[in-house]
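**Student:** model the structure of this input:
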Amino acid sequence: MTKADWRLVVLFLHVLGAVVALGFSLTYGLWIALADAAGGDRRSFALHAISWIDRRFTTPAYVLQAVTGVILVLLVDVDLLRRAWLELAIGIYVLLTVVAITSYAPAHRRQAALADALARGEPAGAEYEAAASRARNLGIAVVALTLVILGLMVVQPPLWD
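**Tutor:** The predicted structure follows:
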């Protein structure tokens, strides 16, 4: 295979990773809204299902983004790290990774634990609502940052180049 062929393969994997990561992420809020409306075991099930999907698909896809992104930079003959849109996208990616690991994941785990308590009939309603609000806000931030990266990748604006 030629270098151009490898670029196409890696670009395909990069786009596939974006579709999987963003696609699943965009559905999480819908799952939780439906589950909160249903309450009980369904809330707990939905939150644990999201965790299961996140561990097996979404997080690996975000990792694939980093790996294929680095490979693409190495395969392309121009100095992409001198492109402002790419520098900004990489910075946002690092920020969203830090937020996801240090804030969103623990908030989601707390929300799931409280949903389990509610499913068992334990009084945790107000605490659950606070945890759900925090997780929702952090989830929105992660998705918004991902959408900004997607926009930068597609449009490749000149910015300060």
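
**Student:** how distant is the longest helix seen in the chain from the center of its chain?
**Tutor:** Identified as the longest helix of the chain according to DSSP state H is helix 3-38. What separates the centre of helix 3-38 from the centre of its chain is 8 Å, taken as CA atoms, centre = their mean, to the nearest Å.

**Student:** over to stretch 121-140?
**Tutor:** 19 Å.

**Student:** just the buried positions in it, please.
**Tutor:** A124, E127, Y128, A131, A132, R134, A135, R136, L138, G139 (16 or more other CB atoms under 10 Å). (C-beta placed from N, C-alpha, C; glycine too.)

**Student:** which outside residues touch it?
**Tutor:** 25, 28-29, 32, 36, 99, 103-104, 107-108, 110-111, 114-115, 117-118 (CB atoms under 8 Å, 6 or more residues apart in numbering).

**Student:** between those, which is closest to D77?
**Tutor:** S25 (32.6 Å; CB to CB).

**Student:** can you read off the pLDDT for the residue nearest to the closest one when sequence neighbours are not counted?
**Tutor:** Among residues not flanking S25 along the chain, V143 sits closest, at 5.3 Å (CB to CB, 6 or more residues apart in numbering). The model reports V143 with a pLDDT of 93.
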